[in-house]
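Engineer: the sequence and its predicted three-dimensional model are supplied below.
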Amino acid sequence: MAEPASLHVPPLRAMTIAAVRRELSHAFRSAGLDSPELDARLLVGHALGLDHTALVVVADRPLDESQAITLAALAARRLAREPVARIVGSKEFWGLNLRIADATLVPRPETETVVEAALAAIDDGGSRTRSLRVADLGTGSGALLLALLSELPNAVGVGTDVSLPALQTARASAKELGLGSRAMFVNCDFGKALAGDFDLVVSNPPYIVSGEIAALPEEVRHDPRLALDGGADGLVCYRTIAADAGRLIGLAGHFVVELGYGQDAAVAALMKAAGLEPMRARADLAGIPRALTARVATMPP
Ligand SMILES: C[S@@+](CC[C@H](N)C(=O)[O-])C[C@H]1O[C@@H](n2cnc3c(N)ncnc32)[C@H](O)[C@@H]1O
């Protein structure tokens, strides 16, 4: 049977860089990818080792044979719905370039809402330059921890994960970003191996209902199952984390978690059951409640 036209990688040999970008954008758009121009730019830049500005400067230069072969292979992976971040091995989050490996979730833009909520909680308590202790439970690529350390110059932090390869990836990113001396990584079950008091505990736990994973878009299914699977009701990891949160933040700290779609009321309820006092959820750019902040509940007078 003939391959569908939308999955063909166009011939790229002897084309200029500008023409290759146009051809790939067209192929990606025809295949129904969401951001064809951006994907084409990132893959061409990766294949040639050039950033955005350099790609513009050398736009009229033709591709050589080996570059054309490399790029055709990368484009074929993208047409097969592999996310660009996995193909190039990195993803920008909060303006930081993070490494991505098979064991790490690709950090999502909406997770930046957790960073915003955490920084708002810190700002309420004083200057960002004070000494602070931060923990990120289920750190994956290190996205939340490294974003926070980049904003809090005198903070130290720990990221935990049950995946050793994820921790190795996060540690490598911390070093590359010059944050390695302030970031520690611990292989454990969420907060179990940690001792308080943290000023801030953040987490973006796995929160997809197990039975819904098979129906997720193909690109999401490239993420490790360990990073997605939130159990029968999607809330299993929240229960584990909330049970430890009070011990970790003490009376003065804040706890901030990412919320899956429609989970705000359920997560607030389980936080209350764990002795925490949830505040109003912060919405992401699509208006969806995405980050819930809580403190230890104080007894009524
Ligand atoms: C949704 S991903 C979040 C990754 C990263 N924090 C982010 O926001 O992009 C959840 C992470 O939790 C980790 N994880 C799953 N179960 C865990 C457990 N019991 N203890 C610690 N980490 C766990 C996964 O390996 C994965 O890295």
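Structural biologist: Arrived safely. This one's a predicted model, so the numbers in the text were calculated from it and none came from an experiment.
Engineer: low-confidence stretches in the stretch 151-300 of the chain?
Structural biologist: For the stretch 151-300 of the chain, the stretches flagged by pLDDT under 70 are 299-300.
Engineer: spell out which residues of it are next to the ligand.
Structural biologist: Thr160, Asp161, Val162, Ser163, Ala166, Asp189, Phe190, Asn204, Pro205, Pro206, Leu226, Ala227 (Cβ under 6 Å from any ligand atom). In short, each C-beta sits where N, CA and C put it, glycine included.
Engineer: what do you get if the cut-off is 5 Å, keeping everything else the same?
Structural biologist: Residues of the stretch 151-300 of the chain found near the ligand (Cβ under 5 Å from any ligand atom) are Asp161, Val162, Ser163, Ala166, Asp189, Phe190, Asn204, Pro206, Leu226, Ala227.
Engineer: next one, pLDDT for Glu65 please.
Structural biologist: For Glu65, the model assigns a pLDDT of 89.
Engineer: how close does Val158 get to the ligand?
Structural biologist: Distance from Val158 to the ligand, counting by Cβ to the nearest ligand atom, to the nearest Å: 12 Å.
Engineer: and for that residue, nearest residue in space, chain neighbours not counted?
Structural biologist: Spatial nearest neighbour of Val158, chain neighbours left out: Met184 (4.6 Å); criterion: Cβ to Cβ, 6 or more residues apart in numbering.
Engineer: in what helix or strand does the one you found lie?
Structural biologist: Using DSSP states H and E, the element containing Met184 is strand 183-187.
Engineer: paired strands for the helix or strand following that strand, with orientation please.
Structural biologist: Downstream of strand 183-187, the next assigned helix or strand under DSSP H and E is strand 200-203. Using DSSP bridges, the strands paired with strand 200-203 are strand 132-137 (parallel), strand 254-258 (parallel).
Engineer: okay, those in a markdown table with mean neighbour count next?
Structural biologist: Listed next are the strands paired with strand 200-203 as a markdown table, based on neighbours: other Cβ atoms under 10 Å:
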| stretch | mean neighbour count |
| --- | --- |
| strand 132-137 | 25 |
| strand 254-258 | 27 |
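Engineer: for the stretch 1-150 of the chain, which residues are neighbours of the ligand?
Structural biologist: So the stretch 1-150 of the chain meets the ligand at Leu105, Pro107, Thr111, Gly138, Gly140, Ala143 (Cβ under 5 Å from any ligand atom).
Engineer: compare those and tell me which is most surrounded.
Structural biologist: Counting neighbours by other Cβ atoms under 10 Å, Gly140 leads these with 30 neighbours.
Engineer: can you pull the contacts of that residue?
Structural biologist: Gly140 sits next to Thr104, Leu105, Pro107, Asp161, Ser163, Ala166, Ala170, Asn204, Ala227 when contact means Cβ atoms under 8 Å, 6 or more residues apart in numbering.
Engineer: and the angle from the strand or helix carrying Leu248 to strand 132-137?
Structural biologist: For Leu248, the host element (DSSP H and E) is helix 236-249. Following axes from the mean of the first three to the mean of the last three Cα atoms, to 10 degrees, one obtains 160 degrees for the angle between helix 236-249 and strand 132-137.
Engineer: what sits up against helix 236-249?
Structural biologist: By Cβ under 8 Å, 6+ apart, the residues outside helix 236-249 that reach it are 135, 137-138, 189-192, 194-201, 203, 205-207, 230-231, 255, 257, 263, 267, 270-271, 273-276, 294-296.
Engineer: could you find the closest non-adjacent residue to Lys91?
Structural biologist: Closest residue to Lys91 apart from its sequence neighbours, by Cβ to Cβ, 6+ apart: Ala85 at 3.9 Å.
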